[in-house]
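*Asks:* here is my input; please provide its structure:
(2 chains)
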Amino acid sequence: MLVQVPKGTNDILPAQIDYWYYLENIIKEVLQNFGYREIRTPVFEYTELFVRGIGETTDIVAKEMFTFSDKKGRSLTLRPEGTAPVIRAYLEHNLSRENPLTKLFYIESMFRSEKPQAGRFRQFHQFGAEAIGSPLPIIDAEIVVAALFIFQKLGLTDLTLHLNSVGCKQCRPKYLDALRDYFREKKAQLCADCQLRYETNPLRILDCKKEQCRVIVGKCPSIFKYLCRDCAAHFDALKVYLDKLGITYQINPFLVRGLDYYTKTAFEIISGELGAQNAICGGGRYDYLAEELGGKPTPGVGFAAGMERVLMTIIKQNIEIPLWGGIKVFVAVTGQDGVNTALEIANQLRSAGVAADMDFLGKSLKAQLRMANKLQIPYVLILGPDELKENAVLIKDMEEGTQETVSLKNILFHLKSLILKNKI
RNA sequence: GUGGGCGUAGCUCAGUCCGGUUAGAGCACUGGAUUGUGGCUCCAGUGGUCGUGGGUUCAAAUCCCAUCGCUCACCCCA
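*Replies:* Here you go, the predicted model:
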C-alpha cells in the first residue's frame, strides 16, 4: 500500500496554489493597511500555555490537542489556535514597550485532533489579528471591520455577523448563577452533555443544537439583563460604532465561543455558502488572558478565520482569482548540439524576467511543440542544426502559427517587444 | 468518540442486484500517419493484485465475514 497523508491533513497542490496566494496577499495587504504587523510563532508550545489560556474544560483542551513529550519529558502541544501563542510572544518580548497598543496578525497552520468532515481538518490554516493594549470598544469595532474588510475585498457575499457580549468577572458569575437557577429544575430534561455543562460551564448550554435543549434555552434569562454597567456600555458603544459604519449585524445572545478567555465582545461571521461548518471567522475580547499567562493585566481583542472555509466560499461563489501567468517562451531543440545553446538562451531569458522553459526528457521536436501547445506557451524558439550554423533561432508564434528567423543577438529584444505588444 | 454513504486504470465512471472465458468506456498519457513543426482527425500503445485479508464455490469485482481508507453528519469549532 502507498503511504498516504495522515487523516485530516491535505496537500496543497500547484493546481490550488493560486487560491492561497490570492488569499494570503489580500490578508497581508488589508491588515497592514490597518497597521497590523505579521508575527510568526512556533508550531508547538508548552502544553501549559493552552491549558491556562484556553481553559481546561474547553473541548479544544479536553479532547482535541496533539500533545507529545520531548526527551526530557516536557509536554508540548501543536498549536490548536493562534491567540494564546501571540499573547505569549507579546509578553515574552515586552512588545508593549514600543507601543502601548500593539497590532499583530498571523497566517499559520493550526492542529486539532478531531474527526474530519467538510470544512474541518486536523491541520488547517487560520489567519487572525490581535489588537493588544486597549480596553476601549472602538478597537473592538476596528477588529470586526478589519475582518469584514478582508472578506469584502476577497469578494465574499452572503455573510452574517453575529454579535454578543459574554460579560466580565463582575457580571458573568451573576449571570451563570441566574442560568443555574433557571436550569436547576429543568436539568433532567437536558441532554447528557448539557447536564455536565450545567456543572462546568452553563453558558455552553446556550448553543447546544439539540431540540430538547433549545426548547428550554429559548426561555432562559438573557445575559443583557445581567451585564454590569461597564460591559453594557462597552457593548452599546460597539454597536454605535458599527451602526455608523453601516455594518449590519445580528445580536445573538446564544453566541458562546468555545474558548474560556473571551470577555465582553464575542462575534462570529457565518457564510451562507457552506454546509454544517459555516463559521468562517470568530473572535472577541480577552481582557484576562495576559494575566492567566502570567503577564501583567493587558486588555486585548482579536479574530481568527479559517482559510480552508474561506477558500471553499470563494470556490462556491465562483470568484475569479488571478492565475499564474505561465511560461512565455519554450526553447525547443532538435539534435544534440543545440542543447547547451538552448540552456544558455533559456537562462538569458529568465535573467531578463521572461518565464522560459525547455525540454528535459529528450523528446522529439514534434513532442516538444505538443507540450508547448498543451501548456499554452505563446512562443517557441526552435534551435536546430541549420539555425546553429547561422547563430540564429526560429521564433514561432503559437497562436498565429507564423515563424521567423532571428539572430541569437536579437532574440531577447525581439521577444520582449512581442510579449509587450501582446500584453501577455 | 458515535452514526450513515462509498472504495473497479492518473481522472469520471460502467459491470455488482440474478457469480461464469484474457475486467471495459471516455478523458488524460506515450508513440505513429515519409525528411525539422503544436492544435483537428485517424491508428496503435502504456496503465488495474477490482482497497486489504479471510470464507463459500468447480468458478468471486460480483455472495458472506473482518479490516483499512475516503466521505458526510453528530459533539464542537475555523
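
*Asks:* check contacts around residue A:51.
*Replies:* By CB atoms under 8 Å, 6 or more residues apart in numbering, the contact list for residue A:51 reads residue A:61. (Each C-beta comes from the backbone N, C-alpha and C, glycine too.)

*Asks:* again, only using 10 Å
*Replies:* Going by CB atoms under 10 Å, 6 or more residues apart in numbering, residue A:51 touches A:58, A:61, A:62, A:65, A:67, A:75, A:77, A:84.

*Asks:* give me the element the last one is part of.
*Replies:* With elements delineated by DSSP states H and E, residue A:84 resides in helix A:83-92, which encompasses its position.

*Asks:* repeat for the second one
*Replies:* Using DSSP H and E, residue A:61 falls within helix A:59-63.

*Asks:* buried residues in that helix, which are they?
*Replies:* Applying a neighbour-count criterion of 16 or more other CB atoms under 10 Å, one finds A:60, A:61 buried in helix A:59-63.

*Asks:* do any residues in whichever helix or strand comes after it lie close to RNA strand B?
*Replies:* On the C-terminal side of helix A:59-63, the closest following helix or strand by DSSP H and E is strand A:67-69. No - Strand A:67-69 does not reach RNA strand B (CB under 7 Å from any atom of the strand); its nearest approach is 13.9 Å.

*Asks:* next, see if the helix or strand following strand A:67-69 gets close to RNA strand B.
*Replies:* Counting by DSSP H and E, the next helix or strand C-terminal to strand A:67-69 is strand A:75-78. No - using CB under 7 Å from any atom of the strand, strand A:75-78 never reaches RNA strand B; the gap is at least 12.5 Å.

*Asks:* name every strand pairing with strand A:75-78 and say which way it goes.
*Replies:* Sheet pairing here is set by DSSP bridges, and for strand A:75-78 it gives strand A:44-46 (antiparallel), strand A:67-69 (antiparallel).

*Asks:* C-alpha coordinates for it, CSV please?
*Replies:* Presented in CSV, the C-alpha positions along strand A:75-78 are these (Å, rounded to 0.1, in the frame of the first residue of the first chain):
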residue,chain,number,x,y,z
SER,A,75,4.8,18.3,27.5
LEU,A,76,4.5,20.0,24.1
THR,A,77,1.4,20.7,22.0
LEU,A,78,0.9,21.6,18.3
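
*Asks:* picking up where we left off before, columns pLDDT on top of the contacts of residue A:51, output as JSON lines?
*Replies:* Output for these, formatted as JSON lines (pLDDT from 0 to 100):
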{"residue": "A:58", "pLDDT": "86"}
{"residue": "A:61", "pLDDT": "91"}
{"residue": "A:62", "pLDDT": "86"}
{"residue": "A:65", "pLDDT": "94"}
{"residue": "A:67", "pLDDT": "94"}
{"residue": "A:75", "pLDDT": "96"}
{"residue": "A:77", "pLDDT": "96"}
{"residue": "A:84", "pLDDT": "96"}
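
*Asks:* for the stretch 151-300 of chain A, what lies in contact range of RNA strand B?
*Replies:* Residues of the stretch 151-300 of chain A that fall close to RNA strand B, judged by CB under 7 Å from any atom of the strand: A:193, A:204, A:207-210, A:256-259, A:268, A:275-282.

*Asks:* which of those residues are buried?
*Replies:* Counted by 16+ other CB under 10 Å, these give A:204, A:208, A:256, A:257, A:259, A:268, A:277, A:278, A:279, A:280, A:281, A:282 as buried.

*Asks:* part of a strand, is the fifth one?
*Replies:* No - secondary structure of residue A:259, determined by DSSP: H, G, I helix; E, B strand; the rest coil: coil, with no strand assignment.

*Asks:* that one touches residue A:55, doesn't it?
*Replies:* Yes - assessed by CB atoms under 10 Å, residue A:259 is found in contact with residue A:55 at 6.6 Å.

*Asks:* shared neighbours of those two, anything?
*Replies:* Counting by CB under 10 Å, 6+ apart, the residues touching both residue A:259 and residue A:55 are residue A:61.

*Asks:* and of the strands paired with strand A:75-78, who's closest to residue A:406?
*Replies:* Ranking the strands paired with strand A:75-78 by distance to residue A:406, with CB to CB as the measure, places strand A:44-46 first at 56.4 Å.

*Asks:* thanks a lot, see you next time.
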